[in-house]
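K.L.:
model this:
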Amino acid sequence: MSIAAIVSLALGLFQDLKPNRDTTEAPVDWVEGVAIMVAIGIVVSTSLSHILVYFFNNIAFKVIVGSLNDWQKERQFQTLNEKKEERGVKVIRDGVEKVVDVKVSCSRSYHFVMKTKYRSFNRR
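P.N.:
Numbering: from 1, shown residues only. Here you go, the predicted model:
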């Protein structure tokens, strides 16, 4: 269609600008070519606007919703990991049995528990 518009415009200008033209008629042969180009412009701009509307309504929406969903899942995963690490361990300190949170004092409790188990194993 674009090629047809260019050919029509070129022929119209050629007819209007030739030297032995009848001067009683108005030089408007180029109008058809311009009208076709305007029609092409309208169709292309309408199509482009539909594409942009589709993009912003569908793709951008899906990206935003997907990102929010990923963020929510990540928060849930972090919460579950924190709960998994929060567990009490029974230890004996100064002859008294206590429950110590592994997350808070992990290294101290672990070493104390290992020493206690090792001592009780040797006593048997």
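K.L.:
And Val89, which helix or strand is it part of?
P.N.:
strand 88-93 (DSSP states H and E).
K.L.:
scratch that, Arg75 is what I was asking about
P.N.:
Using DSSP H and E, Arg75 falls in helix 60-85.
K.L.:
about what we covered before: for the strand holding Val89, which helices and strands make contact with it?
P.N.:
Here strand 88-93 is seen to pack against strand 96-101, helix 106-123 when contacts are counted using 3 or more Cβ pairs under 8 Å, 6 or more residues apart in numbering; DSSP states H and E. For glycine as for every other residue, the C-beta is placed from the backbone atoms N, C-alpha and C.
K.L.:
lowest-confidence stretch among those?
P.N.:
The minimum mean pLDDT among the helices and strands packed on strand 88-93 belongs to helix 106-123 (a mean of 50).
K.L.:
My understanding was that Arg21 contacts Val28; is that so?
P.N.:
No: using Cβ atoms under 8 Å, Arg21 is not in contact with Val28, being 11.8 Å away.
K.L.:
what's the nearest residue to Ser2 if we skip its chain neighbours?
P.N.:
Among residues not flanking Ser2 along the chain, Ile40 sits closest, at 6.0 Å (Cβ to Cβ, 6 or more residues apart in numbering).
K.L.:
which helices and strands sit right next to the helix or strand encompassing the one you found?
P.N.:
Per DSSP H and E: Ile40 is located in helix 31-54. Here helix 31-54 touches helix 2-17, going by 3+ Cβ pairs under 8 Å, 6+ apart.
K.L.:
buried sites along the helix it packs on?
P.N.:
Ala5, Ser8, Leu9, Gly12 (16 or more other Cβ atoms under 10 Å).
K.L.:
can you state the direction angle for it and helix 31-54?
P.N.:
Comparing the axes of helix 2-17 and helix 31-54 via axes from the mean of the first three to the mean of the last three Cα atoms, to 10 degrees yields an angle of 150 degrees.
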